[in-house]
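K.L.:
following is a predicted model, sequence given first.
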Amino acid sequence: MKVLVVGGGGREHVLAWKIAQSPLVTEIYCAPGNPGIAQLAECVDIKADEIDVLLDFARAEAIDLTVVGPEAPLTLGIVDRFQEAGLDIFGPNQAAAQLEGSKDFSKALMARYDIPTAAYRTFSDRDQAVAYIREQGAPIVVKADGLAAGKGVVVAMSEDEAVAAVDNIMVAGAFGEAGSKVVIEEFMEGEEASFFAFTDGRNILPLASSQDHKRIFDGDQGPNTGGMGAYSPAPVVTGELHEQIVETIVRPTIDGMAKDGCPYAGILYVGLMIADGKARVVEYNARFGDPEAQPLLMRLKSDIVPVMQACARGQLTQDRLEWLDKAAVCVVMASGGYPADYEKDFPISGLEEAAAIEDLMVFHAGTALKDGRIVNSGGRVLGVTGLGRTVAEAIDKAYAGVEKISWQGVQYRRDIGQKALNR
């Protein structure tokens, strides 16, 4: 069968890598792809949000399954368009993708179905939002309602910082239309984890646990990013907690979406805050997390293609996945200055040396080919992912790869996976 992967980041690289392992697959295309993906798939010069062009391509090439990586095309309705054309596509439709596309939509769903999360209020008026912050005090969390590439959330430790966040989002328009409303939430203490489940809109198939590192600097300091590294499994998610998450969060979410007339199919990502042995929802995403996808899919033994096809067709009957009895750790190497302005087009050295390390994969996120050399072209550039018998071994493996790679201004965290070791 022929598979089209939509997107061009680290998540799409690991998806293409995993899909390429399926005996069912004869050809993989990726739009737009990147130099790392080009080693596995034919990259097509179509942007992820050019839905009409992607649909024409899928028809012309008789694509059997399209897998959508990023959130933007999902919220623009790519799944609806492909389904109307009778094509199998993995991901939620436009109505269901609101679960990520609007924080207000997702919080209202959680309130309706008693899904544990932080107390909140939504505001479209700046002054009312500020008054609420003054009334509640700090710490407090301010979120742009719409999509902001993982950067529209401010955990404010003072009222003034929270007000500044509201002004940045609503007045300065830092995230455009995504900031026309803000969701202001109670601050939740605890340890974060990421939980994923495949679903066809009725049935669910949970994945292993993982944990992301959102902040740019060691010790969870500095501004939020799209994610600076991840590991799997996450010891904070015990077997008992895994069951609790499925029963009190994942199942009610999928059932609630179906009851509300917008069944959710694809991969459901739940960002969690865990405290005192209980999990609450921080946010939902309508796609695989990046970088969590890298360690998760490195550990997955099962063929991913039949699962995705079953989700797309509403026929998910598989009740378990096979996993390597190993840990995986992904360290993100980013451009200097990220998540603010950064310089690009610096040649990257050491990729071949890192690739020679056993049980290590270097997934490309923000790279490009320039004058025959691979250069940095994005904020997050590479996801260096190692496997090991233990988390400690996987950490050593990942950083052994990181040490081989360099370019001008490169930055990365040196403490990815430490929370797991501390447990």
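P.N.:
Yes, it's here.
K.L.:
nearest spatial neighbour of Gln294, skipping sequence neighbours?
P.N.:
Cys330 (4.1 Å; Cβ to Cβ, 6 or more residues apart in numbering). Yep, even glycine has a C-beta here, placed from its N, CA and C like the rest.
K.L.:
host element of that neighbour?
P.N.:
Assigned by DSSP states H and E, Cys330 belongs to strand 327-334.
K.L.:
kindly state the pLDDT recorded for the residue most central in space within the chain?
P.N.:
Geometric centre of the chain, nearest residue: Gly289, 1.7 Å, by Cα atoms, centre = their mean. The model reports Gly289 with a pLDDT of 93.
K.L.:
doesn't Ser210 make contact with it?
P.N.:
Yes. Judged on Cβ atoms under 8 Å, Gly289 makes contact with Ser210 at a distance of 7.5 Å.
K.L.:
hey, what's in contact with both of the two?
P.N.:
Here Gly289 and Ser210 have 194, 196, 230 as joint contacts, going by Cβ atoms under 8 Å, 6 or more residues apart in numbering.
K.L.:
low-confidence ranges in the stretch 301-423 of the chain?
P.N.:
Counting by pLDDT under 70, the stretch 301-423 of the chain contains no low-confidence segment.
K.L.:
residue boundaries of the strands in it?
P.N.:
Using DSSP state E, counting those that start in this stretch, the strands of the stretch 301-423 of the chain run over 327-334, 360-364, 367-370, 373-376, 380-388.
K.L.:
can I get the second one as PDB, trimmed to CA atoms?
P.N.:
The one in question is strand 360-364. Taking Å, rounded to 0.1, in the frame of the first residue of the first chain, the C-alpha atoms of strand 360-364 are listed here in PDB:
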ATOM      1  CA  LEU A 360      20.200   5.600  18.400                       C
ATOM      2  CA  MET A 361      18.100   7.500  15.800                       C
ATOM      3  CA  VAL A 362      18.500  11.200  14.900                       C
ATOM      4  CA  PHE A 363      15.100  12.500  13.900                       C
ATOM      5  CA  HIS A 364      15.100  15.700  11.800                       C
END
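K.L.:
all helices for the stretch 251-400 of the chain, in order.
P.N.:
251-259, 293-299, 304-313, 351-355, 391-404 (DSSP state H, counting those that start in this stretch).
K.L.:
tell me which of these sits most buried.
P.N.:
helix 293-299 (a mean of 29; mean count of other Cβ atoms under 10 Å).
K.L.:
quick one: low-confidence parts of the stretch 51-200 of the chain?
P.N.:
In the stretch 51-200 of the chain (pLDDT under 70), the answer is 150.
K.L.:
all strands of it, in order?
P.N.:
Counting by DSSP E, counting those that start in this stretch, the stretch 51-200 of the chain has these strands, from start to end: 65-68, 89-90, 120-123, 140-144, 153-156, 182-186, 191-199.
K.L.:
can those go into a markdown table with extra columns for distance to Gly378 and mean neighbour count?
P.N.:
Converted to a markdown table, these look like this (distance: least, Cβ to Cβ, whole Å; neighbours: other Cβ atoms under 10 Å):
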| stretch | distance to Gly378 | mean neighbour count |
| --- | --- | --- |
| strand 65-68 | 19 | 27 |
| strand 89-90 | 24 | 28 |
| strand 120-123 | 32 | 18 |
| strand 140-144 | 21 | 24 |
| strand 153-156 | 20 | 20 |
| strand 182-186 | 27 | 22 |
| strand 191-199 | 21 | 22 |
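K.L.:
tabulate the ones you listed (JSON lines), appending distance to Gly383.
P.N.:
Below are the strands of the stretch 51-200 of the chain laid out as JSON lines (distance: least, Cβ to Cβ, whole Å):
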{"stretch": "strand 65-68", "distance to Gly383": "18"}
{"stretch": "strand 89-90", "distance to Gly383": "21"}
{"stretch": "strand 120-123", "distance to Gly383": "32"}
{"stretch": "strand 140-144", "distance to Gly383": "25"}
{"stretch": "strand 153-156", "distance to Gly383": "21"}
{"stretch": "strand 182-186", "distance to Gly383": "29"}
{"stretch": "strand 191-199", "distance to Gly383": "15"}
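K.L.:
can you give me the end-to-end span of stretch 322-332?
P.N.:
26 Å (Cα to Cα, to the nearest Å).
K.L.:
buried residues in that stretch?
P.N.:
Neighbour-count burial for stretch 322-332 flags 326-332 (criterion: 16 or more other Cβ atoms under 10 Å).
K.L.:
now, which of those sits nearest Val163?
P.N.:
Of all those, Val163 sits closest to Val332, with 31.1 Å by Cβ to Cβ.
K.L.:
that closest one bridge partners, please.
P.N.:
Gly383 (DSSP bridges).
K.L.:
same deal with Phe123?
P.N.:
Val182.
K.L.:
now do the contacts for it.
P.N.:
Phe123 neighbours (Cβ under 8 Å, 6+ apart): 129, 132, 181-182, 184.
K.L.:
now Leu369
P.N.:
Contacts of Leu369 (Cβ under 8 Å, 6+ apart): 35, 375.
K.L.:
and if you look at Asp218?
P.N.:
So Asp218 contacts 413-415 (Cβ under 8 Å, 6+ apart).
K.L.:
just the buried members of those residues?
P.N.:
For the contacts of Asp218, a burial check counting by 16+ other Cβ under 10 Å picks out 413, 415.
K.L.:
any chance of the contacts of Asp218 in CSV, plus distance to Val246?
P.N.:
Converted to CSV, the contacts of Asp218 look like this (distance: Cβ to Cβ, whole Å):
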residue, distance to Val246
Arg413, 30
Arg414, 34
Asp415, 30
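K.L.:
break the chain down into its domains, please.
P.N.:
Domain assignment for the chain by automatic domain parsing gives 2-93, 125-180, 191-313, 327-422.
K.L.:
now the third one, how far from the centre of its chain.
P.N.:
Spelled out, it's domain 191-313. Mean-position distance between domain 191-313 and its chain equals 9 Å (Cα atoms, centre = their mean, to the nearest Å).
K.L.:
cool, and the last one?
P.N.:
Put simply, domain 327-422 sits 17 Å off its chain's centre (Cα atoms, centre = their mean).
K.L.:
measure it end to end?
P.N.:
Terminal-residue distance, domain 327-422 (Cα to Cα): 15 Å.
K.L.:
the second one now?
P.N.:
End-to-end distance for domain 125-180: 9 Å, by Cα to Cα.
K.L.:
how many other residues sit next to Ser124?
P.N.:
12 (other Cβ atoms under 10 Å).
K.L.:
likewise the one 4 residues further on?
P.N.:
Here the number of neighbours of Gln128 (other Cβ under 10 Å) works out to 12.
K.L.:
excluding residues flanking it in the chain, which one is nearest Ile78?
P.N.:
Ile51 (4.9 Å).
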